[in-house]
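Asks: Show me the folded form of this:
(chains A and B)
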2 protein chains.
Amino acid sequence: MESFMIYMPIALALLGLIYMLVKQSWVMKQDAGDGKMKEISDHIYEGALAFLNAEYRLLTVFVVIVAALLAIVSFVVPTTHWLIVIAFVFGAVFSAFAGNIGMKIATKTNVRTTQAARTSLPNALKISFGGGTVMGLGVAGLAVLGLTVFFIIFFHVFMDGVWTNTMDMTIVLETLAGFSLGAESIALFARVGGGIYTKAADVGADLVGKVEAGIPEDDPRNPATIADNVGDNVGDVAGMGADLFGSYVATVLAAMVLGNYVIKDMGGAISDAFGGIGPILLPMAIAGAGIIISIIGTMLVKIKSNDAKEAQVMGALNIGNWTSIVLVAVSCFGLVTWMLPETMKMNFFGEGLVEISSMRVFYATLVGLFVGAVISSVTEYYTGLGKKPILNIVQQSSTGAGTNIIAGLATGMISTFPSVLLFAGAIWASYAFAGFYGVALAASAMMATTAMQLAIDAFGPISDNAGGIAEMSEQEPIVRERTDILDSVGNTTAATGKGFAIASAALTSLALFAAYVTFTGIDGINIFKAPVLAMLFVGGMVPVVFSALAMNAVGKAAMEMVEEVRRQFRDIPGIMEGTGKPEYDKCVAISTQASLKEMMLPGLLTIGFPLVIAFVPMLFGMSHMAIAEMLGGYMAGVTVSGVLWAIFQNNAGGAWDNAKKSFEAGVEINGEMTYKGSDAHKAAVTGDTVGDPFKDTSGPSMNILIKLTCLIGLVIAPILGGHSSETAMATIEDEVSIEMTVKSKDMATATVDYSTMKDGEKVMETITFEGTQVEVEKELKAFEASLKNEAGDVEKVIEKVDITKE
Amino acid sequence: MESFMIYMPIALALLGLIYMLVKQSWVMKQDAGDGKMKEISDHIYEGALAFLNAEYRLLTVFVVIVAALLAIVSFVVPTTHWLIVIAFVFGAVFSAFAGNIGMKIATKTNVRTTQAARTSLPNALKISFGGGTVMGLGVAGLAVLGLTVFFIIFFHVFMDGVWTNTMDMTIVLETLAGFSLGAESIALFARVGGGIYTKAADVGADLVGKVEAGIPEDDPRNPATIADNVGDNVGDVAGMGADLFGSYVATVLAAMVLGNYVIKDMGGAISDAFGGIGPILLPMAIAGAGIIISIIGTMLVKIKSNDAKEAQVMGALNIGNWTSIVLVAVSCFGLVTWMLPETMKMNFFGEGLVEISSMRVFYATLVGLFVGAVISSVTEYYTGLGKKPILNIVQQSSTGAGTNIIAGLATGMISTFPSVLLFAGAIWASYAFAGFYGVALAASAMMATTAMQLAIDAFGPISDNAGGIAEMSEQEPIVRERTDILDSVGNTTAATGKGFAIASAALTSLALFAAYVTFTGIDGINIFKAPVLAMLFVGGMVPVVFSALAMNAVGKAAMEMVEEVRRQFRDIPGIMEGTGKPEYDKCVAISTQASLKEMMLPGLLTIGFPLVIAFVPMLFGMSHMAIAEMLGGYMAGVTVSGVLWAIFQNNAGGAWDNAKKSFEAGVEINGEMTYKGSDAHKAAVTGDTVGDPFKDTSGPSMNILIKLTCLIGLVIAPILGGHSSETAMATIEDEVSIEMTVKSKDMATATVDYSTMKDGEKVMETITFEGTQVEVEKELKAFEASLKNEAGDVEKVIEKVDITKE
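Replies: Numbers count the residues shown, from 1 in each chain, chains lettered A, B, ... in the order given. As a prediction, this is how the structure comes out:
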């Protein structure tokens, strides 16, 4: 029977979206300020729209091509259903729509924040964080809504809304993977394209404006200044939103896939109040609960005093954040207790089926919440103002740019130490608690606070923009001071948010990786096999090359921007005197075109490699199981290397940035106070130039790279694992018969009659096992494994051969 | 019967060493120049000796500690023999001795090269390359000699010089691994310590001398200038020598280990003219042949014209190099044909035993030679003067240090693309040809030209030093011009030599990795197991953190040097006027102490991590097989990530270096010729400052890190794989009996009687298999695997259960 619980996440998602609409209309009702402010804000809004429109045009082409490819695959491969195309398109549309909501509200909130900052700081926080909240709930609400609706549809289409068996549910979830793939594809454009956009505009504006023309940042005479402000939104709002949208969907999907296999481990069916699919519904339920919890969390973010400083603002955000983490933990306890059987059977490697208390699933979710919280602290330590690593970089700046760069690189590199140990510990612990289902639920629990994380995250660029508008519209200094307080906190949350995004990408990829292995039906990924090891190497290389391409892309796009700004300064009369009007839109257009053009090559690399690994060896007749294992090795290589390079680049970039910022308030070097304009500061600026593409382009792109790689693997999985399996398995299902007789406590025999397809011919075989009952059971298992290894003859037989006792 | 072939490598090694002595005395007989030259050369020689002596003191402590630990292990663990301690000590002593020979000849040859350059360029090349030849033959000769002698000793101690079975030979080779471990430990000190030394001295000399005091490079008034010149020898001669010594020994050892398993695959014994151990002797024979071939190669390196330019010198080196590669290929063909059975059986994953022609082993060696040659070209493309990547970095220097740094980083990162594809292809191909034995022999063939490679490599720093001496002793410009030609070629060979060293480290590690898996007796390394995956992550992180520590170490050591040089400039009267004599030895002492102190932490990281992974879980009672697999995951992580970071750092560093050098001859930027002293050049100098520790410290250290990690794993392997196996296996060996009856062509039954230890009690068990012969054989195999998986009960049983047919 279908349970009402299946509809609960939809209700919660809709509630979140309604709250979002309320909050949105509240923000829009706020005073948008006077003429000049409004004018600048409109420019940013239009620039953002221009980027979105250009992106959407390109996206449409991309979505149509991939959809067509998926459609072809679904017609050729019997195990793939054409509904995956629909899921893919909707995944892309939902993600794009969520990004659209975020960009629009962010570019509308900025000017309102500036206006509010004219009256008081608490108001400014309320509005800027309100904008962030709209963004967060939009992403989380649409993610949960889309995923749940499509799950219900496919559950009805393929299973009539009633649990039958793991195989059928696998088809449901394989089709649902299309939604996730669509979402992550958009993230590729938003995160990578956005990352290139924001840095190209930033570097272009700085190089000509600050350096050549000698005008300050955010000066309205600079033609690239609007593009620069648009860039903040494109990269940090739309990019981050699409990134977390993708993680959110992929995590829940992977947890559902693994929940399906938990049911299989428990004998193929369980009896619970949720139509027998409690373990599959649980991750969706946690996601749904997370939306409500995030709403509560955002409500707690407020300050009272107009004289508040960074610490108070940070404190307010922390209260909201920590409350939601604690509430998620509580709700996980409740949901696990409610939705899972008290004891469960799970297959652990080397141990076989183990009976565990479902409480251990709850412990796994705690691991996820712990990782989400701790990774932020780690990131803050390595990139935070006044912390030891930053002080060291500042110190090294006194001996020139070279030593500053080395110190920054070393900081980023060393920061991988605690981060990776944390991830490794999390993998180990959550697996020890509840197998790969535990790993996926750890990720799900961490991602449950996505709406809250995004609200905190989006508030940063909104405040940054608000400051820019205050500057450009020449407000009183107090306004800029207030927005600066928000901006400064926003910089910290931006860094910690990046840590959260990496952690989410890492855990999501692991969950997807586990889902991939179970989908393909391979026993594992043995890197002692030379082709698998070779692919591990290749996978490890891809993030490095991807990062380099992304960095080079920034350079190329920035150069185009520089040319355009120079042209305008040259050709438009009176521009420097403020009488000529710069053509902002041309700069926006260049940044838009260049970023989308330059993301093609890294994008192609991301999508192309797994496809080549999967399909080229097929042409040479390699067994599908061997290919599946190779692709798994590739996925592992990308994930391990990608996580490392993400941490390295993000933290090095963040550290350089704050080392440079340290000079604004003045730093003590060798006993002397040193300020902006000193040689040491210039060295720090050089470091920041290197760090910019690290932290805003190539670093965050790693998240997409690893998730998308694992998702593509998951979508290919049925082709690899399921190819020719329908016929082969059907045959085996019909023919296999196992008789096991337990003669005494110690002795048993088992006879297996089965048929396999050999060179297209059905061959009948018999095998007998004799020994103690334990031995025979062990033999049967080994026999299953051996059948499975004969990939050329029989694939995925293990699902079908179960021991029946007499 | 023992074969004479076992003694052949000794004879060839001795021949190499004799030739070395002849060459050495020839070099020493050359004119060492007049007073000032000799004085400077003596300073360098004494500085080098000072470093060596300090290093040896520290080494002695280290060797004593590790030897004591190994001794304890050998008494506690029954499968480890105390002779491993002796092997370890000798491995360390031989490697140190080889380094000693190299350092001494290099520091004696430099001044003779300067002197020869006063007369003609051909003479200067002859002497400098002669010095390199001494170095190369010393390393290769001692490596082959030591390894072969110890193999023969252990072969007699454990097997009475007669083949018995794979298990016994495994003990021989496990003990021999001590020799390799000793050699690689010295490499840690020489490569990492040396890398820190050379850059600390370089940076210290430059920062105070060039920048603060404004005196040119290699100026004798600079107190750090001798340390700087010593550093070239410490890093590039002793470090590179120890690195390749370690690779050479480890590669041959790993190939022998895998040769042993080839014999096992062929039924446990083969009958050949080499006492039944042809596959084990083959890698030693190739190494021996390589020595003679290298001698021939070095003889071909000569130029005739006194007006020769870089191209002619490079051409002469290339002739020698290519000739030796071709000769190695020819000798591999001969040796493979002669020493291996015409057809061999090898176990391929998923395919079982496959009968292959031994020609496929020869093809595998070709793969190795191909990799060695191509990796040098790849390195040269990314770091060579006038090539596209360098021109791009030069171009990017015009917009400042920031863009120069980004371009350099990107170049290093992108260079991983062809390099990794090459390695991945090599793994795949050599495995496809002849399994992991093929991979190890590919590495062996590549390493056969070690003496030649080292000769080419050592000639660079010798010429560099010769130029320095010419400068310091104020020779006529023509002398410096001639040494500059040699130096310039030396820079190129240094870069390509680093590529060769990486390739050798990568292939060596893979071979060791394969040897490790076979030693421990695990089935493979399944990264789908969460703890293994966690360790893959941790392993991936270690090279990154190691690199950061090494880079920071350079910074700290350089700072100490800077203080000392400043003190001398302050305290010694008349030093700038050339009347006061700088205290060179104090600078040498500081560099020595600082480098050895600073290498402790990265060294501890390298050695500590595998030990922690192996022994801490043991305390918690984890099964040894599970630990072995985790450690394997760690090793794979270190190797994959280490190779990537080695390529990245070496090539980025080399690219920055040559981008800077491009300005010396002048470069065209935006249509304008730009020279030294321009802003673009200053930006390029900053890039080079970052690149220096990359290419000379952290980058090359990666080689040691990955090899040492895999070697430690190999030495631990018997503890993991063999623990309690003696009793358990002995029991099984006694009791196991397999009867297999083939009733007809298609039907067979097999009965296995065996005993296992369960909770300390011996339990008798019986199991019967019935079916077609193929099926039964498959079942027996699966059964073996299942027994093996029950790690708590029975370990390594697979070696003992063999199918006997009736």
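
Asks: pLDDT score assigned to residue A:776?
Replies: The model reports residue A:776 with a pLDDT of 66.

Asks: The residue nearest to residue A:465 when sequence neighbours are not counted: neighbouring residues, count only.
Replies: Excluding the flanking residues, the one nearest residue A:465 by Cβ to Cβ, 6 or more residues apart in numbering or on different chains is residue A:110, at 3.6 Å. Quick note: C-beta positions are derived from backbone N, CA and C, even for glycine. Neighbours of residue A:110 under the rule other Cβ atoms under 10 Å in any protein chain shown: 33.

Asks: How far does whatever helix or strand residue A:23 lives in sit from its chain's centre?
Replies: Residue A:23 is part of helix A:8-29, with elements assigned from DSSP states H and E. With Cα atoms, centre = their mean, to the nearest Å as the basis, helix A:8-29 stands 23 Å off its chain's centre.

Asks: Need the mean per-residue confidence for it.
Replies: For helix A:8-29, the per-residue pLDDT averages 94.

Asks: and what of stretch A:89-97?
Replies: 94.

Asks: Residues in contact with that stretch: which ones?
Replies: A:56, A:59, A:63, A:67, A:142-143, A:145-146, A:150, A:178-187, A:190, A:242, A:245-246, A:249 (Cβ atoms under 8 Å, 6 or more residues apart in numbering or on different chains).

Asks: Swap in 6 Å and give it another go.
Replies: A:63, A:67, A:142, A:146, A:179, A:182, A:183, A:185, A:186, A:242, A:245 (Cβ atoms under 6 Å, 6 or more residues apart in numbering or on different chains).

Asks: Excluding sequence neighbours, find me the nearest residue to the closest residue to chain B within the stretch 101-250 of chain A.
Replies: Here the residue of the stretch 101-250 of chain A nearest chain B is residue A:207; by Cβ to the nearest Cβ that distance is 7.2 Å. Take residue A:207 and drop its neighbours on the chain: the residue closest to it by Cβ to Cβ, 6+ apart is residue A:562, 5.4 Å away.

Asks: picking that back up, give me the element the residue nearest to residue A:465 is part of.
Replies: Secondary structure (DSSP H and E) places residue A:110 in helix A:83-119.

Asks: hang on, the earlier thing: just the buried residues of the helix holding residue A:23, please?
Replies: Of all the residues in helix A:8-29, those buried under the rule 16 or more other Cβ atoms under 10 Å in any protein chain shown are A:8-10, A:12-13, A:15-17, A:19-20, A:23-24, A:27.

Asks: That helix vs helix A:83-119, what angle?
Replies: 40 degrees (axes from the mean of the first three to the mean of the last three Cα atoms, to 10 degrees).

Asks: follow-up on the earlier one: nearest to chain B, out of the buried residues of helix A:8-29: which one, please.
Replies: When those are compared against chain B (criterion: Cβ to the nearest Cβ), the nearest one is residue A:9, at 28.0 Å.

Asks: Could you find the closest non-adjacent residue to the closest one?
Replies: Per Cβ to Cβ, 6+ apart, closest to residue A:9 is residue A:288, 3.5 Å.

Asks: Next, the distance between the ends of stretch A:184-200.
Replies: Length of stretch A:184-200, first residue to last, Cα to Cα, to the nearest Å: 23 Å.

Asks: how close does whatever residue of the stretch 1-150 of chain A ends up closest to chain B sit to residue A:519?
Replies: Nearest residue of the stretch 1-150 of chain A to chain B: residue A:79, at 21.7 Å (Cβ to the nearest Cβ). According to Cβ to Cβ, to the nearest Å, residue A:79 stands 10 Å off from residue A:519.

Asks: Could you do residue A:643 as well?
Replies: Counting by Cβ to Cβ - residue A:643 and residue A:519 are separated by 22 Å.

Asks: Neighbours of the residue of the stretch 101-250 of chain A closest to chain B, how many?
Replies: 23.

Asks: Point out where chain A drops to low pLDDT.
Replies: A:1-3, A:350, A:721-767, A:771-806 (pLDDT under 70).

Asks: So it: which segments form each domain?
Replies: A:4-525, A:727-799 (automatic domain parsing).

Asks: Deepest-packed of these, please.
Replies: Mean neighbour count (mean count of other Cβ atoms under 10 Å in any protein chain shown) peaks for domain A:4-525 among the domains of chain A, with a mean of 23.

Asks: where exactly do the strands run in chain A?
Replies: Along chain A, counting by DSSP state E, strands occupy A:343-348, A:352-357, A:667-669, A:672-674, A:737-742, A:748-758, A:761-771.
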